[in-house]
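**Q** I would like to see how this sequence folds:
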Amino acid sequence: MLRVGNKAACLACRNLVSTNMGVRFRVPLQKLHPLSRAIHHRYSGNTNPQRPPHRTAARYFTSMSRLPMRPPKPPPGSGGRGHQQQRNFWVASLAARLLKLRYILLGSAVGGGYTAKKTYDEWKEMLPDFSEYNWVIPDFVWELSEQIDLDKLAKALPEIEEIAKLLPDFDKIGENFTFLKSLLSSETSGDPPLKATDSSTAAAQEGSDKQYKKGLLGELVLIQQQIQRHEEEVRRAAAANSARPPPPEPAPSPPPNPSPPQEKCKSSDKERVDLLQEELLRTQLKYQRMLERLEKENKELRKVVLQKDDKGIHQRKVKKSLIDLYSEVLDILSDYDANYNTQDHLPRVVVVGDQSAGKTSVLEMIAQARIFPRGSGEMMTRSPVKVTLSEGPHHVAMFKDSGREFDLSKEEDLAALRHEIELRMRKSVKAGQTVSCETISLSVKGPGIQRMVLVDLPGVISTVTAGMASDTKETIFSISKAYMQNPNAIILCIQDGSVDAERSIVTDLVSQMDPQGKRTIFVLTKVDLAEKNLASPNRIQQIVEGKLFPMKALGYFAVVTGKGSSGESIDSIKDYEEEFFQNSRLLKDGMLKAHQVTTKNLSLAVSDCFWKMVRESVEQQADVFKASRFNLETEWKNNYPRLRELDRNELFEKAKNEILDEVISLSQVTPQHWEAILQKKLWERVSTHVIENIYLPAAQTMDSGTFNTTVDIKLKQWTDKQLPHKALEVAWETLQEEFARFMAEYKGKDQDDIFDKLKEAVKDESIKRHKWNERAMDSLRVIQHNALEDRSITDKPQWDAAIQFMEETLQSRLKDTESVIRDMVGPGWRQRWLNWMNRTPDQHIRNETKNELERLLKLHDEHTAYLANDEVTTVRKNLEGRGVEVDPVLIKDTWHQLYRRHFLQKALSHCNLCKRGFYYYQRHFVDSELECNDVVLFWRIQRMLVITANTLRQQLTNTEVRRLEKNVKEVLDDFGEDMEKKTHLITGRRVQLAEDLKKVREIQEKLEAFIEALHKEK
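**A** Numbering: from 1, shown residues only. Purely as a prediction, here's the structure:
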């Protein structure tokens, strides 16, 4: 059993490995040899004749490695005694051997299993980690392999043999590299230049290649691995060539000329190295073209898949909306004012760079459309622009707050989009500023676009030029730092390659925000100009290797964003970029690597880094907002346990409904109420003019004819100039007061004080905007003139009503006049004695003057309204005789009030006489000494007031209330659209707490929905 052949032993070991050890690869162990030379199967044949054969696994690992030696045969002549003894005990010996056989089998199994386990572990440790190179394959290839039936797709694609013809001859390339390696090693060690390759290594390599060529994805991975192996071989060859020791210095004698064979050998080696580098470059370019061809062929297929309503469309919709869910969370966070230290630490790609470094051009290449306004040397990006990139069937763009879609395949829509972005930027910038921190949110969808969220920031400047605000530089720095200080933000640092590296500003800023470079990707733009202008191309290599700038980064990329013309299309820029790198010495000389160039590779790397950061941090951010929500809800329950959680918009809607209800309640006011209020207020406004300017002057006349003439003239003048204006003012003031009264009454019914400021502002603004209909003034003037022209009192009740109105008016005026006189002369003797009050010297003079003028009135009861000059002198001299010095003006003022009181008293007594004068009025006061023309005047005034109040009431209820309601609605709509106005009018901790609660809940719900969709996508 121990001398079983090698093939059988390998078969047994292979069975043990494949069944017991759980190895997934169904590949013979011999074929795993090329992946790691450290693995050597112990049962394989000894290919090296100089190396002693290995022991078998059983003898090497089991306890049977020291079995007792078999006894020698007895020599002849011994008589065969020993043989007879052995013959007698052969049964016992056979039994013993059979008992030991199980130990042999058990030991062999254990030893073989251990050997296979150890071999598998060594093989697994030496196997390279291919997951690091998954980023080479575009996402759409993995998506196609997961969601699309590859069998159906394979029928439409060419055969694998035809695709294999496009691949380079890897065997030939391998032989060339093997030859180069042998040549270089022979020059160093002095061994023969060429060695035969190991046959087992070649066979294993061929088997490994076949293993990866089973599918389209395997071929792409194989090509990438071959390219990396070739690059490694070239680097090793270059290192070995540079590490070759210099030849010893020759003797002073003239050196002999090198032999022609040596020169030919060196030149042939150099040519071979150049050929290998060109072959490597062609392989890389062929790989890039193959990827681009596959992507173009599958664009239409992706459109069909996205548009087709089949079984897999649901999963595709989840993937399509994943970035939209994430973008909605970022939009909400941009408007959220964190009062509980809940900062926005969700990942996004922040694009920063110096002004005119090519930030916008790089972003346009990633978005595959020229969507941003452009300018030559001037600042165009004046505010942050958040661009959400996602995959879709059509190439369109849309703003967050607009429903219009811009078709990016049409030039007129592109121009309209650029114009709209420029208008939004200028609108966001406040007066006196140059840049704004207000974010413009834009989404771009299209086939083949990598899903991510980018924020384009204003370019960093070093000097403030004319026309800019003085704090522009500091504002741009603060905006950039605010976005970059997010520990989960990916910083896309854009550096202009056509300018000197020492002039860079953004690199110092980035190095301050991310000193370890754990979330920074460096992009060198305008490499074509840099290669043309720089005298030392090695400087570009130092930049992309991270040796020139003090900052660190995850990766370095070099891109070309066109020739500098604003009319270039994205396709022409891509073609120019590919053509440049294909012919550039930067790639041919190995200064740049293939995966470090083109915006396509950049977008793949940025998208991969973005989603990696999202998956690592989004759940932690969700927990933070969950804790913040708990804190806010706890505060609300403790402070406002019986109130609903209404945010500012909901409170505004509630206040809006209350205000509209109050306005509508104006239409429910009764006509009698309106007319009573209007009549009362109008008489209060015009009574002084009627008494002082119409009644008193007319009453000074001697006969009724003159009285009526004077009254008619003055009423006509009053009606033409003042009365209609006064009436409209009274009506408008009445409407305002009633509106305010209803709001105050509504306030008593469980009114929330938080609305007071808003309601007051709405009332003031509505009144300010309301203008009375000017046409009503002309019609009102005619109505008032006709009412005052009528003098016919038809019945006794009207006569009595006029007398009552006259009495009330005169008594009111008499009380006012007596009050004025008391203030002039001071307290009487009773008040002086009871209340201990004294008169002032001026009041004493006025009292003496009053007493003197009263004596004059008693002597002349029918005195006129004015004192003559001689009468003033007489009164003055009489007062001087009693030792009172008085001024003539004071005498006239005192007389005016005394005569007014005297006249009103006489008018009241005459009014009492006219109560029985209606009969004489009907006879036009013929054969009667009684004349009641003043009663007729007051009747005319009273009738005018009634008719005017009725007219104004009709205008109020039919027109002005509705117009006021319309104005209130317009004001409320304007306030509702003005967030700043609502924030100013609806304030308080309760409002802010409800706002925070709503935002945090919305953010948490959006995050949970996004996390759920993210897990489904995995």
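**Q** shaky segments in the stretch 651-800 of the chain?
**A** In the prediction, the stretch 651-800 of the chain carries residues with pLDDT under 70 at positions 746-752, 774.
**Q** where exactly do the helices run in it?
**A** Applying DSSP state H, counting those that start in this stretch to the stretch 651-800 of the chain gives helices spanning 671-689, 696-699, 704-721, 723-747, 756-769, 775-789, 796-825.
**Q** out of these, flag the one nearest Pro347.
**A** Comparison of these against Pro347 by CB to CB identifies helix 756-769 as nearest, at 39.9 Å. For every residue, glycine as well, the C-beta is placed using N, CA and C.
**Q** helices or strands up against the closest one?
**A** With contacts defined as 3 or more CB pairs under 8 Å, 6 or more residues apart in numbering; DSSP states H and E, the secondary structure elements packing on helix 756-769 are helix 648-666, helix 723-747, helix 961-977, helix 979-985.
**Q** what would those look like in TSV with mean neighbour count?
**A** Putting the helices and strands packed on helix 756-769 into TSV (neighbours: other CB atoms under 10 Å) gives the following:
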stretch	mean neighbour count
helix 648-666	18
helix 723-747	18
helix 961-977	17
helix 979-985	14
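**Q** in CSV: those, plus distance to Gly705.
**A** Written out in CSV, the entries for the helices and strands packed on helix 756-769 read as follows (distance: least, CB to CB, whole Å):
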stretch, distance to Gly705
helix 648-666, 48
helix 723-747, 25
helix 961-977, 46
helix 979-985, 64
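**Q** those helices: which one's closest to Arg916?
**A** Among those, if distance is taken as CB to CB, the winner is helix 723-747, at 32.3 Å.
**Q** and the angle from the closest one to helix 756-769?
**A** Per axes from the mean of the first three to the mean of the last three CA atoms, to 10 degrees, the angle that helix 723-747 makes with helix 756-769 is 160 degrees.
**Q** nearest to Leu945 among the helices and strands packed on helix 756-769 would be which one?
**A** Among those, helix 723-747 comes nearest to Leu945, with 9.4 Å by CB to CB.
**Q** could you check the pLDDT of Ser617?
**A** Taken from the predicted model, the pLDDT recorded for Ser617 is 86.
**Q** please, which helix or strand holds it?
**A** Using DSSP states H and E, the element containing Ser617 is helix 599-639.
**Q** who are the packing partners of that helix?
**A** Identification of packing neighbours for helix 599-639 by 3+ CB pairs under 8 Å, 6+ apart yields helix 359-367, strand 452-456, strand 490-496, strand 520-525, strand 555-558, helix 570-583, helix 989-1017.
**Q** could I have the fifth one exported to CSV, CA atoms only?
**A** This file holds the C-alpha atoms of strand 555-558, laid out as CSV (Å, rounded to 0.1, in the frame of the first residue of the first chain):
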residue,chain,number,x,y,z
GLY,A,555,-5.4,58.6,-6.6
TYR,A,556,-4.0,60.8,-9.3
PHE,A,557,-5.4,61.3,-12.8
ALA,A,558,-4.5,63.3,-15.9
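**Q** please renumber so the chain begins at 433
**A** Taking 433 as the first residue, the last one we looked at is strand 987-990.
**Q** so what does it touch, helix or strand wise?
**A** Helices and strands touching strand 987-990, by 3+ CB pairs under 8 Å, 6+ apart, are strand 952-957, helix 970-976, helix 1031-1071.
**Q** now do the longest one against helix 791-799, angle only.
**A** I take that to be helix 1031-1071. Going by the same axes, to 10 degrees, helix 1031-1071 is angled at 100 degrees with respect to helix 791-799.
**Q** next, the buried residues of stretch 1111-1119.
**A** Within stretch 1111-1119, the residues that qualify as buried are Gln1111, Lys1113, Leu1114, Trp1115, Val1118, Ser1119, counting by 16 or more other CB atoms under 10 Å.
**Q** which one of those sits closest to Lys1088?
**A** The shortest distance between Lys1088 and any of the buried residues of stretch 1111-1119, using CB to CB, involves Lys1113 and amounts to 30.2 Å.
**Q** helices and strands of this structure: which one has the lowest mean pLDDT?
**A** Comparing helices and strands within the chain by mean pLDDT, DSSP states H and E singles out helix 489-493 as the least confident, with a mean of 37.
**Q** contacts for stretch 1245-1259, please.
**A** Applying CB atoms under 8 Å, 6 or more residues apart in numbering, the contact partners of stretch 1245-1259 are 1123, 1260, 1267, 1269-1272, 1275-1276, 1278-1279, 1282, 1326, 1329-1330, 1332-1333, 1336-1337, 1340.
**Q** repeat the analysis, applying 6 Å as the threshold.
**A** Defining contact as CB atoms under 6 Å, 6 or more residues apart in numbering, one finds that stretch 1245-1259 is touched by Ile1123, Met1269, Arg1271, Gln1275, Arg1278, Asn1279, Lys1282, Gln1329, Arg1332, Arg1333, Leu1336.
**Q** and the closest residue to Glu1009 other than its chain neighbours, what is it in contact with?
**A** In space, not counting the residues next to it along the chain, Glu1009 is nearest to Val992; the distance is 4.3 Å by CB to CB, 6 or more residues apart in numbering. The contact partners of Val992, taken as CB under 6 Å, 6+ apart, are Val959, Asp960, Glu1009, Phe1012.
**Q** pretty sure the first one sits against Tyr988.
**A** Spelled out, that is Val959. No - using CB atoms under 6 Å, Val959 is not in contact with Tyr988; the gap is 11.7 Å.
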